[in-house]
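>>> A structural model of the following input is requested.
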Amino acid sequence: MYPVESLAEASEAPSNPPIRRSETLQRWLIFAASIVLVSVPVFMQAPLVRLVPWISLGLTMGWLLLGLKLLKRPATQRWGDLLIGFTWTWLAGSVYWGWLRWEPLLHLPVEAIGLPFAIWGVSRNIGKVGNFFYFGSLLGTVVTDVYFYLVDLIPYWRQLMQVESDAVQPIFQSALAQIQTPWGAGWAISLALLLLTVSVLPLFSRQLHWWGFSGAVLSTILVDGLFWLAAIVA
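Next comes the predicted model:
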């Protein structure tokens, strides 16, 4: 081997570990951001859509424009991609919880409002980080709604949407009694394990979009757990 070649290899070798560390950090940042984008807006958007639903709906355009702006810059492209995927979840939440929250049967159709666009994007390899984040968020919503149907919590959902805040405690207590039955507890554990498995397996991939998907799914467990605690406290 020529000395020149040895020097070239020596100069290139140290650059690989920093690159790998940078990629690993970016995956964890996408994962953490996905959790935040699902968890935090749930508690921010909920009171907003009740009081001023039009403002919540208008913010959708703000999120979209910010995402498009970030998407144009190479340094922030992935964050813009993720934010555009988040825009679909914000839009669905604004529409449903602002005007349609009294009818649980409309929840999943409204939440799936961005599904055709996300499928179209993935089929053309466009916006995979944001689209997979949306898929993960939608999957978590589907599993949660399935649990409501299996445990027959839909009547309590309708009641909660029609009463004032000072009258929710008896409804929460009745719903908790339904959840704490063997049937309710068994399905809660089974579906939680399903979501946990689905959220952990993508972390073995090095592709960013799977980490966005994983964070969105995992946040469903966190949000549902917080709502369960809130119901107990209430």
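
>>> In the protein, what residue spans correspond to helices?
3-12, 16-51, 53-71, 77-95, 107-111, 115-123, 128-150, 154-160, 169-179, 182-200, 208-233 (DSSP state H).

>>> Export the ones you listed as a markdown table, with columns for mean neighbour count and distance to residue 101.
C-beta here means a position set from N, CA and C on the backbone, and glycine is covered the same way. Output for those, formatted as a markdown table (neighbours: other Cβ atoms under 10 Å; distance: least, Cβ to Cβ, whole Å):
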| stretch | mean neighbour count | distance to residue 101 |
| --- | --- | --- |
| helix 3-12 | 9 | 58 |
| helix 16-51 | 15 | 8 |
| helix 53-71 | 16 | 10 |
| helix 77-95 | 23 | 10 |
| helix 107-111 | 18 | 8 |
| helix 115-123 | 15 | 20 |
| helix 128-150 | 22 | 13 |
| helix 154-160 | 16 | 9 |
| helix 169-179 | 15 | 15 |
| helix 182-200 | 14 | 22 |
| helix 208-233 | 20 | 15 |
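
>>> Determine how far stretch 48-66 lies from the middle of the whole chain.
From the chain centre to the centre of stretch 48-66 is a distance of 17 Å (Cα atoms, centre = their mean, to the nearest Å).

>>> swap that for stretch 82-93, please
The answer for stretch 82-93 is 9 Å, by Cα atoms, centre = their mean.

>>> Over to stretch 93-103?
On Cα atoms, centre = their mean, the centre of stretch 93-103 falls 18 Å from the chain's centre.

>>> before we move on, what about stretch 139-147?
12 Å.

>>> Any figure for the gap between residue 111 and residue 92?
Per Cβ to Cβ, to the nearest Å, residue 111 is found 5 Å from residue 92.

>>> Residue 151 now?
23 Å.

>>> Quick check, pLDDT for the closest residue to residue 122 other than its chain neighbours.
In space, and not counting its chain neighbours, residue 122 is closest to residue 131: 5.1 Å by Cβ to Cβ, 6 or more residues apart in numbering. pLDDT, residue 131: 98.

>>> Residue 19 too?
On the pLDDT scale, residue 19 gets 67.

>>> can I assume residue 203 is in contact with residue 211?
Yes. Using Cβ atoms under 8 Å, residue 203 is in contact with residue 211, at 6.7 Å.

>>> so what sits against both of these two?
Common contact partners of residue 203 and residue 211 (Cβ atoms under 8 Å, 6 or more residues apart in numbering): residue 31.

>>> Surely residue 59 and residue 91 touch.
No. Counting by Cβ under 8 Å, residue 59 stays clear of residue 91, with 9.4 Å between them.

>>> Apart from its chain neighbours, what residue comes closest to residue 34?
residue 215 (2.8 Å).

>>> Please tell me I have it right and the one you found contacts residue 29.
No. With contact defined as Cβ under 8 Å, residue 215 does not count as touching residue 29 (10.0 Å).
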